[in-house]
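Q: for reference, the sequence and a predicted model appear below.
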Amino acid sequence: MTESIKLIAGNWKMNGVGESLEEAAALRVSLDAEAANCRVALCPPATLIERMSATVGGSAIEVGGQDCHAAASGAFTGSVSAEMLADAGANLVILGHSERRTGFGETNADVAAKVEAALAAGLEPIICVGETLEQREAGEAVAVVSEQVMQSLPQSLSCNAFAVAYEPVWAIGTGLTPTLEQIEEVHVAVRAAIVARLGAGGEKAPILYGGSVKPSNAKEILNVKEVGGALVGGASLKAEDFLGIIRAV
Ligand code: PEP
């Protein structure tokens, strides 16, 4: 496949209030001074998207949401639509994170519907897939993840920008990471599944790795075949840690 520019995206999850934007401001100062060798994005809670966008506006830092509703608008108390994220300044949105799939019962079909909503609002989706520890230990990782890709990616993606994030559920927030061989095996399978699903339109989309990425392991992970960037949770909350990962590209 043709190598595309890597994407390093930070997922703040349900962390951050106004004063946390100091970290985004510090990241901005550093990246204004030393251009990154990759795309950089921060995905704060929905309440911070507008202020985050103002903080990093005009810099190389992109802003994303962490989820959106599949509907464009309506009686869905507490939900946020893709159009609202875009209106607040986001150009990306994480969809199908394992914490949404597990904690909120999101199915592959739900994720695919949200991807359609994101595309309709002009957002670039980052679609997450990944196996549980039980599935990994049963030797099912490649099959599970390939199936998630086939079912979560709607055909309409083929002519749009998007990314897929491979995040083993057991590696998220645990400090555990797969071996580099395991990462390569799944990433190669994810590429094959994307191309099987979308044809040539799936050849260039970056496949991010996510799960306990930190400055000390970023370089070796980012050098694995088919790893097109990283989705970073905990280590994206502090500018210095996130910069360490960005500098590893
Ligand atoms: C994530 O939330 O997507 C993630 C990968 O978290 P962490 O980097 O903390 O494991």
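A: Perfect, thanks for sending it.
Q: near the ligand, which residues of the chain show up?
A: Near the ligand, the residues belonging to the chain are 11, 13, 167, 172-173, 210-213, 231-235 when assessed by C-beta under 6 Å from any ligand atom. Heads up, the C-betas are built off the backbone N, CA and C, glycines and all.
Q: go again using 5 Å as the cut-off
A: Of all the residues in the chain, those in contact range of the ligand (C-beta under 5 Å from any ligand atom) are 11, 172-173, 210-212, 231-234.
Q: specify the local secondary structure of S59.
A: When classified by DSSP: H, G, I helix; E, B strand; the rest coil, S59 comes out as coil.
Q: contacts for the top helix by length along the chain, please.
A: Assignment by DSSP state H gives helix 180-198 as the longest helix of the chain. Under the criterion C-beta atoms under 8 Å, 6 or more residues apart in numbering, residues 1, 129, 141-142, 145-146, 149-150, 153, 155, 157-158, 164, 166, 168, 177-178, 202-203, 205, 207, 209, 220-221, 224-227 lie in contact with helix 180-198.
Q: in this protein, which spans are helices?
A: Using DSSP H, helices in the chain cover 21-33, 49-56, 82-88, 98-103, 108-120, 133-137, 141-152, 180-198, 215-222, 239-246.
Q: so the second one versus helix 21-33, what angle?
A: Translated: helix 49-56. Here helix 49-56 points in a direction 40 degrees away from that of helix 21-33 (axes from the mean of the first three to the mean of the last three C-alpha atoms, to 10 degrees).
Q: which elements pack onto helix 49-56?
A: For helix 49-56, the helices and strands in contact under the criterion 3 or more C-beta pairs under 8 Å, 6 or more residues apart in numbering; DSSP states H and E are helix 21-33, strand 61-65, helix 82-88.
Q: who's V40 bridged to?
A: The partner list for V40 in beta bridges (DSSP bridges) reads I8, I61.
Q: returning to what we had before: ok, which of the helices of the chain comes nearest A41?
A: Smallest distance to A41 across the helices of the chain (C-beta to C-beta): 9.6 Å, for helix 49-56.
Q: angle of the closest one against strand 61-65?
A: Between helix 49-56 and strand 61-65, the angle formed by their directions is 170 degrees, by the same axes, to 10 degrees.
Q: let me see the mean pLDDT of helix 49-56.
A: With pLDDT averaged residue by residue, helix 49-56 scores 98.
Q: give me the residues contacting it.
A: Outside of helix 49-56, the residues that reach it under the criterion C-beta under 8 Å, 6+ apart are 18, 21, 24-25, 27-28, 42, 44, 63, 65, 85, 88-90.
Q: let me have these in CSV, adding neighbour count and pLDDT as columns.
A: Written out in CSV, the entries for the contacts of helix 49-56 read as follows (neighbours: other C-beta atoms under 10 Å; pLDDT from 0 to 100):
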residue, neighbour count, pLDDT
G18, 9, 98
L21, 19, 98
A24, 25, 98
A25, 13, 98
L27, 25, 98
R28, 21, 98
L42, 31, 98
P44, 31, 98
V63, 25, 98
G65, 29, 98
L85, 28, 98
A88, 18, 98
G89, 19, 98
A90, 30, 98
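Q: hmm, which two among the residues you listed are most spread apart?
A: A25 and L85, at 21.1 Å, using C-beta to C-beta across these.
Q: what about the closest residue to L92 other than its chain neighbours, how many residues nearby?
A: The shortest distance from L92 to any residue that is not its chain neighbour, by C-beta to C-beta, 6 or more residues apart in numbering, is 3.3 Å, and that residue is G64. A total of 25 residues lie near G64 under the criterion other C-beta atoms under 10 Å.
Q: quick check: G64 touching L95?
A: No. Between G64 and L95 there is no contact under C-beta atoms under 8 Å: 10.1 Å.
Q: the contacts of helix 180-198 in strands, which ones?
A: In this view, the contacts of helix 180-198 that belong to strands under DSSP state E are 129, 164, 166, 207, 209.
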